[in-house]
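> predicted model, plus sequence, below.
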Amino acid sequence: MKTTAAVVSPIRVLIVDDQMMVREGFSVLLNAMPDIEVVGEAVDGRQAIAQVAALHPDVVLMDIRMPELNGIEATRAIVAANADAKVLVLTTFDLDEYVYQALRAGASGFLLKDASARQLAEGVRVVAGGDALLAPAVTKRLIAEFSKITEPGARQPASLAQIGDLTDRETEVLVLIAHGLSNGEIASRLVVAESTIKTHVSRILVKLGLRDRTQAAVFAYEARLVRPG
């Protein structure tokens, strides 16, 4: 008797950028992947919010500097609406204050616009799978550089009361997340099973009301659990 393999739906992507050539270029690259489908495009943040509500993408590739409504405010609105879409920020250079603000707003990571087709597709897959796209060296440097910045309307720095909700082991795991370690690396460091670390990470996110590992890393710096440098 034959068994039918389960059909896996492609990852649905929305591309948001005010430059037509960027949108078209990314569309061509991503649509060439068998497991990814570009379902829409938007030229600014307002269109992005509307398209997320209408198309329900899995991942939003979000430019930051756009007219009408920038990528930071659009990301904040999408996250506030509890959309299932994960936001992957696009930037032209890695050490960018606006990228940091987008991470605080709820973006799951960032990519440089000159990323290769392989890097772009893998970034989409990582974020769609529920992980944060964190290049440890770059992200640590970025967060350390801008962790003292507070923009109007942004989430305020972590309170000691929230930190107090964490167990000692959860605090230890949070610090290692901020240092850019993966679950596997944290498990090796603490000599426990990787599944145990996954449980700790889930509890940390729930207790602190955070969306993903990226926000957990930002939280750790803002709470001064990790010092820049």
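The structure has been received and is ready for your questions. Fair warning: this is a prediction, and the values are worked out from it, not measured in the lab.

> beyond the lengthiest helix in the chain, next helix or strand please.
Criterion DSSP state H: the longest helix present in the chain is helix 194-208. Downstream of helix 194-208, the first helix or strand assigned by DSSP states H and E is helix 213-222.

> quick check, residue 67 in contact with residue 17.
No: at 11.4 Å, residue 67 does not count as touching residue 17 under the criterion of CB atoms under 8 Å. The C-beta positions use only the backbone N, C-alpha and C, and glycine is treated the same way.

> who has more neighbours out of those two?
Legend: neighbour count by other CB atoms under 10 Å for residue 67 and residue 17, higher for residue 17 (25 against 10).

> ok, how many other residues are close to residue 19?
12.

> contact partners for it?
Residues in contact with residue 19 (CB atoms under 8 Å, 6 or more residues apart in numbering) are residue 63.

> let me know the pLDDT of it.
pLDDT, residue 19: 91.

> state the phi and psi torsions of it.
Dihedral pair for residue 19: phi -100, psi 120, per degrees, to the nearest 10.

> low-confidence ranges in the protein?
Within the chain, the stretches with pLDDT under 70 are 1-7, 94-96, 131-161, 227-229.

> returning to what we had before: which residues sit against the longest helix of the chain?
158, 162, 165-166, 169-170, 173-174, 177, 183-184, 186-187, 190, 210-213, 215-216, 219.

> just the angle for that helix relative to helix 213-222, thanks.
Here the directions of helix 194-208 and helix 213-222 differ by 70 degrees (axes from the mean of the first three to the mean of the last three CA atoms, to 10 degrees).

> restrict helix 194-208 to CA atoms and write it as CSV.
Taking Å, rounded to 0.1, in the frame of the first residue of the first chain, the C-alpha atoms of helix 194-208 are listed here in CSV:
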residue,chain,number,x,y,z
GLU,A,194,18.7,20.9,24.6
SER,A,195,15.0,20.2,25.2
THR,A,196,15.5,21.5,28.7
ILE,A,197,16.9,24.8,27.3
LYS,A,198,13.9,25.1,24.9
THR,A,199,11.6,24.8,27.9
HIS,A,200,13.6,27.5,29.8
VAL,A,201,13.5,29.8,26.7
SER,A,202,9.7,29.4,26.4
ARG,A,203,9.2,30.2,30.0
ILE,A,204,11.4,33.3,29.8
LEU,A,205,9.5,34.6,26.9
VAL,A,206,6.1,34.1,28.6
LYS,A,207,7.2,35.5,31.9
LEU,A,208,8.7,38.6,30.3
